[in-house]
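J.: I would like to see how this sequence folds:
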Amino acid sequence: MTAPRRLLPLLSALPPAPRNPQSGSPRRALGSIRRTGHWNMTWPAGIGTDMHIAAAARDLATTTDGRAEPVSHASLDLVVDPGRQIRSLSAAPGREDLDGLVGIRGGSGFRRQLQSLMPEEMAAGSLSYFLLDDMPGITLVGPFAWRLWPEMAAFYAGARHHGPGYDMTGICAGFRPDGLPIERMNRGEDPQHNLVPALDLDEPSDPLAWHEIPEPPGDSAMLRRRRRIDVIDGPELLVDSVFRDSMWSPEGVETVVHEYGLHARVDRSSQQLTALTADPRVLPFQTCPSAASNVDLLVGEPMATLRHRVLELVVSTDGCTHLNDALRALAVGPVLAAELVRAEQAA
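T.: Have a look, this model is predicted:
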C-alpha cells in the first residue's frame, strides 16, 4: 500500500533553507544504548577516479548503574569506481558471502542483492548490515566532496558525474519540478547549495560519546557521513538520532551539506512507531525541508518493516533521499534495546 500524495506547499510560503548544525552530542543516559557510525569517502588518485570508502560503527551500552559496556564493532573498506560499481570490499568481522557484492553497482538493485546475501543480518540489525545499507546513498553523493575544490570547476557534478541527460526532476522535495534548484540545473547552472560551516559533534566531556573516526587526508577532498542513534529503554523506547553529511575545503574547514535530527517513540510491547518528528538542521535548498512534515506517514508502522515502508510511503517529492536513509536506520531501535537488556543482564 502506498500513501496518498500530499499537496506541495506554495514556493512563496517556504522559509529559507535551514542553517542550524548541531553542536556536540547529548549526554549518554543511564539505561540507554548508542550506535554511532561513519563513512569516509576519499579519492587518492584525484577527482573522477575510484572512490575509497572507509567505514566503521560501534554499539555502546550505558547501564542503569552508569557502566559503559561496548557491545559490538564493525568496519568496512571498499573501492568503488566512478560508475558506482564496487571493485573490492573487505570487512571486519570477515564474511565470505560479501564477495557477492563485488561487481554490483551502489545504486538501484544493491539493497536487493544485500538482502539476499544477508537476510538474517538485516533482521538482526547487525553493524555490518547497517554500514552496507548506506552504499546507495553515499556512492551517489560522495563526489560532491569536490564542490569546494578548484578541480570541480572543470568537473561540474550535474554533468560529468551523472552522465549526459541525467535528470533529477521530482526525485525528492528538493528537486520538485516547480522549484528554483531544478530550474537552474535544467539551464546548466549551479543550483546554489546552502552550505554551512560545521559545529563539532564530538563531546569533549565524554571521550566515549563517539567511536574513533580518522581525520581527513588534508591533500584531497573528503565527504563524511556520520550517524548517531540513541535508544533509551523504558515502558516505551525513546529514540534520538542525528544524520550528517559534510565535506572539507582545501583549507581544512568542515562544511555541512545535509543534517537531520530525528526523534521517535516506540511502543515496547508491539514495537510499533507511535510518534516521529524530523528536525531539518542543514539542507541544500529552500524546497528541501517540506519533506520533514511527511514523516508522520510512518506512525503506526512496525519497526521490523520500517526499512521497506519508508521507501513505499515517503517517496518522490513527498520525501528526501537523505531523510529516508535516516528514517530507515531507525529500524534498529528494538534491536538495540535488546542488546541493552543483554548488557544489563551480563553485569
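
J.: excluding its backbone neighbours, what's nearest residue 125?
T.: Spatial nearest neighbour of residue 125, excluding adjacent residues (C-beta to C-beta, 6 or more residues apart in numbering): residue 335 at 3.4 Å. Glycine gets a C-beta too; all of them are placed from N, C-alpha and C.

J.: and stretch 85-96, how far apart are its ends?
T.: One end of stretch 85-96 to the other measures 19 Å (C-alpha to C-alpha, to the nearest Å).

J.: Name the residues of that stretch that are buried.
T.: 85, 86, 89, 91 (16 or more other C-beta atoms under 10 Å).

J.: among the residues you listed, which are in strands?
T.: 86, 89, 91 (DSSP state E).

J.: Let's have those in a markdown table, adding pLDDT.
T.: Formatted as a markdown table, these follow (pLDDT from 0 to 100):
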| residue | pLDDT |
| --- | --- |
| 86 | 96 |
| 89 | 96 |
| 91 | 94 |
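
J.: Nearest to residue 291 among the residues you listed?
T.: Using C-beta to C-beta, residue 86 is the member of these that lies nearest residue 291, at 28.8 Å.

J.: Show me what that closest one is bridged to.
T.: Beta-bridge partners recorded for residue 86 (DSSP bridges): residue 80.

J.: Return the residues in contact with it.
T.: 78, 79, 80, 101, 102, 103, 104, 105, 106, 135 (C-beta atoms under 8 Å, 6 or more residues apart in numbering).

J.: How far off centre is the helix or strand harbouring residue 340?
T.: According to DSSP states H and E, residue 340 maps onto helix 333-345. Averaged C-alpha coordinates place helix 333-345 at 23 Å from its chain's average position (C-alpha atoms, centre = their mean, to the nearest Å).

J.: So for it, mean pLDDT?
T.: Averaged across helix 333-345, the pLDDT comes to 93.

J.: again, but for stretch 23-38
T.: 97.

J.: sorry, back to before: and the buried residues of stretch 85-96, which is closest to residue 206?
T.: Proximity of the buried residues of stretch 85-96 to residue 206 (C-beta to C-beta) peaks at residue 91, which lies at 28.2 Å.

J.: any low-confidence regions in the protein?
T.: The model of the chain has pLDDT under 70 over residues 1-5, 7, 12-13, 153-166, 347.

J.: just the strands in the stretch 151-300 of the chain please.
T.: Here the stretch 151-300 of the chain has its strands, by DSSP state E, counting those that start in this stretch, at 196-197, 222-232, 236-248, 254-267, 273-282.

J.: Is residue 26 in a helix, a strand, or coil?
T.: When classified by DSSP: H, G, I helix; E, B strand; the rest coil, residue 26 comes out as coil.

J.: My guess is it contacts residue 232. True?
T.: No: between residue 26 and residue 232 there is no contact, the gap being 10.2 Å when judged by C-beta atoms under 8 Å.

J.: Between these two, which contacts overlap?
T.: residue 240.

J.: Neighbour count: those two, which is higher?
T.: More neighbours surround residue 232 than the other of residue 26 and residue 232, with 19 against 15 (other C-beta atoms under 10 Å).

J.: wait, what's in contact with the more buried one?
T.: Per C-beta under 8 Å, 6+ apart, neighbours of residue 232: 29, 31, 32, 238, 239, 240.

J.: Likewise for residue 284?
T.: Each residue near residue 284 by C-beta under 8 Å, 6+ apart is listed here: 17, 174, 181, 191, 193, 194, 257, 258.

J.: ok, the last one - contacts?
T.: Contact partners of residue 258, counting by C-beta under 8 Å, 6+ apart, are 141, 243, 244, 245, 282, 283, 284, 322.

J.: In TSV, list those residues along with distance to residue 151.
T.: Putting the contacts of residue 258 into TSV (distance: C-beta to C-beta, whole Å) gives the following:
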residue	distance to residue 151
141	17
243	27
244	24
245	19
282	24
283	25
284	21
322	24
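
J.: Most neighbours among these, which one is it?
T.: In these, the most neighbours by other C-beta under 10 Å go to residue 283, 27 neighbours.

J.: would you list every one of the helices in the stretch 51-200 of the chain?
T.: Secondary structure of the stretch 51-200 of the chain, counting by DSSP state H, counting those that start in this stretch: helices at 110-117, 119-124, 127-132, 135-141, 180-186.

J.: So what does residue 20 have for phi and psi?
T.: Recorded main-chain torsions at residue 20 are phi -140, psi 70, according to degrees, to the nearest 10.

J.: Check whether it really touches residue 281, as I assumed.
T.: Yes: taking contacts as C-beta under 8 Å, residue 20 lies within contact range of residue 281: 4.9 Å.

J.: quick one, which of those two is more surrounded?
T.: Higher neighbour count among residue 20 and residue 281: residue 281, with 21 against 14, using other C-beta under 10 Å.

J.: What sits closest to that one if chain neighbours are left out?
T.: Nearest to residue 281 is residue 259, by C-beta to C-beta, 6+ apart, at 4.1 Å.

J.: and the one you found, how many neighbours does it have?
T.: Neighbours of residue 259 (other C-beta under 10 Å): 27.

J.: so it bridges to which residues?
T.: Residue 259 has the following beta-bridge partners by DSSP bridges: residue 244, residue 282.

J.: Now do the same contact list for it.
T.: Listed by C-beta under 8 Å, 6+ apart, the contact partners of residue 259 are 21, 22, 242, 243, 244, 245, 246, 281, 282, 283.

J.: TSV please, covering those residues and showing distance to residue 58.
T.: Putting the contacts of residue 259 into TSV (distance: C-beta to C-beta, whole Å) gives the following:
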residue	distance to residue 58
21	23
22	19
242	15
243	16
244	17
245	20
246	19
281	23
282	25
283	27
